[in-house]
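> okay, here's the prediction I keep looking at, along with the sequence it came from:
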Amino acid sequence: MSEQAPSSFLHDLFHELETDGMDAAFNFGLDSLIAGFERLRSSTTD
């Protein structure tokens with residue numbers, strides 16, 4: 001998975017918000033946060 005720039009993350013988040021509403025945007029943000037922590041954790045344990 002490639003690193004996402006914060007600006008593209010926000011763009012995707014607002015797109016989710018516009019198309020699918022608050023719940024989808026929240027889930028998208030949560031998934032991205034979890035993915036970020038997983039990446040961080042795997043990079044520190046290597």
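Perfect, thanks for sending it.
> switch to C-alpha atoms for all contacts and neighbour counts from now on
OK.
> which of the residues in the strand or helix carrying residue 39 are buried?
When secondary structure is defined by DSSP states H and E, residue 39 falls within helix 22-45. By neighbour count on 16 or more other C-alpha atoms under 10 Å, the buried set for helix 22-45 is 25, 28, 29.
> contact partners for the second one?
When the contact criterion is C-alpha atoms under 8 Å, 6 or more residues apart in numbering, the partners of residue 28 are 13, 16.
> go ahead and flag the most central residue of this protein.
The central residue of the chain, meaning the one whose C-alpha is nearest the mean C-alpha position (C-alpha atoms, centre = their mean), is residue 32 at 2.3 Å.
> let me know the pLDDT of that residue.
Residue-level confidence at residue 32 comes out at 90, pLDDT.
> same thing with residue 27?
pLDDT for residue 27: 87.
> and the gap between it and residue 20?
Spatial separation of residue 27 from residue 20 under the definition C-alpha to C-alpha, to the nearest Å is 11 Å.
> equivalent analysis for residue 8, please.
Summarising the geometry, the distance separating residue 8 from residue 20, computed by C-alpha to C-alpha, is 18 Å.
> what do you get for residue 32?
As judged by C-alpha to C-alpha, residue 32 and residue 20 stand 16 Å apart.
> and the buried residues of helix 22-45, which is closest to residue 16?
residue 25 (5.1 Å; C-alpha to C-alpha).
> my guess is that closest one contacts residue 14, does it?
Yes: using C-alpha atoms under 8 Å as the test, residue 25 is close enough to residue 14 to be in contact (7.3 Å).
> grab the nearest non-local neighbour of residue 13.
Here the nearest residue to residue 13 in space, its sequence neighbours aside, is residue 25; by C-alpha to C-alpha, 6 or more residues apart in numbering that works out to 5.8 Å.
> brain fart, residue 24
Residue 24's closest residue in space is residue 16 (C-alpha to C-alpha, 6+ apart), at 6.3 Å.
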